[in-house]
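**Q** Sharing a model prediction with you, sequence too.
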Amino acid sequence: MPQRRRLVSLGFLAMLAAACSPVVDQRGNLPDATKLAQIQPGVTTKEAVQQLLGTPSSVATFNDKTWYYISRRTSQTAFFDPKVLDQEVIVVAFDDGGVVRDVERHGLADGRQVDPSPRVTPSAGHELGILEQLIGNLGRFNTEGNAPRAFGRPGGPGSGGSPGRGY
């Protein structure tokens, strides 16, 4: 009996340890180094880049002259925030004629933390508090006699009935 209890305890501890093992997640598509070496600035066109590297992960916001190939590997243990293990961004810039102008490679060390601005855009009007909203709605409930008539209801527009008849 004590040996069975010991085996169950060891099995339970093994399950707990397995549940806490980190999960590694790979996202994005990082182009092969040999294919990347085939891209020559001033020679290779957009179509050739797409055939070699595939569709980019992202394209520049205001024009299509910059393509980004993004890859990121993270590790997450249980419910904790994921940790970035590796990140690589390949930037392919094109000129006005659609020919490669430049190819850059950026790693995890090149990344910067961007803090959002704490400023708030003001809106027109007055923002009501919860108490003002509750008190302001006290007299706004409709009674049956003065409720606005809706489409398809007796007396409403397009119903053929007249107001006040109720059919």
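**A** Now that the structure is in, tell me what you want to look at.

**Q** so where is the protein shaky, pLDDT-wise?
**A** Along the chain, segments meeting pLDDT under 70 span 1, 19, 139-167.

**Q** Next up, the contacts around the closest residue to Gly98 other than its chain neighbours.
**A** Closest residue to Gly98 apart from its sequence neighbours, by CB to CB, 6 or more residues apart in numbering: Lys46 at 4.5 Å. (C-beta placed from N, C-alpha, C; glycine too.) The neighbours of Lys46, taking CB atoms under 8 Å, 6 or more residues apart in numbering as the test, are Phe94, Gly98, Val99.

**Q** ok, Lys46 to Arg6 distance?
**A** To Arg6, Lys46 is 66 Å away according to CB to CB, to the nearest Å.

**Q** Using CSV, write out every CA atom in the strand or helix carrying Arg73.
**A** Element membership for Arg73, per DSSP states H and E: strand 66-76. Taking Å, rounded to 0.1, in the frame of the first residue of the first chain, the C-alpha atoms of strand 66-76 are listed here in CSV:
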residue,chain,number,x,y,z
THR,A,66,8.7,48.7,-48.4
TRP,A,67,8.1,45.0,-47.6
TYR,A,68,8.6,43.4,-44.2
TYR,A,69,9.3,39.7,-43.6
ILE,A,70,8.8,39.2,-39.8
SER,A,71,9.6,36.2,-37.7
ARG,A,72,9.3,35.9,-33.9
ARG,A,73,9.9,33.0,-31.5
THR,A,74,8.4,33.2,-28.0
SER,A,75,8.3,31.0,-24.9
GLN,A,76,5.4,31.0,-22.4
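
**Q** Run through who's touching the helix or strand that it is followed by.
**A** Note on strand 66-76: by DSSP H and E, the next helix or strand toward the C-terminus is strand 83-94. If you take CB under 8 Å, 6+ apart as the criterion, strand 83-94 is touched by 24, 30-31, 36, 39, 46, 49, 53, 56, 64-76, 100-108, 110-111.

**Q** Rebuild the contacts of Lys46 as TSV, extending it with neighbour count and distance to Gln133.
**A** Formatted as TSV, the contacts of Lys46 follow (neighbours: other CB atoms under 10 Å; distance: CB to CB, whole Å):
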residue	neighbour count	distance to Gln133
Phe94	21	54
Gly98	14	56
Val99	16	60
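
**Q** Much appreciated, bye for now.
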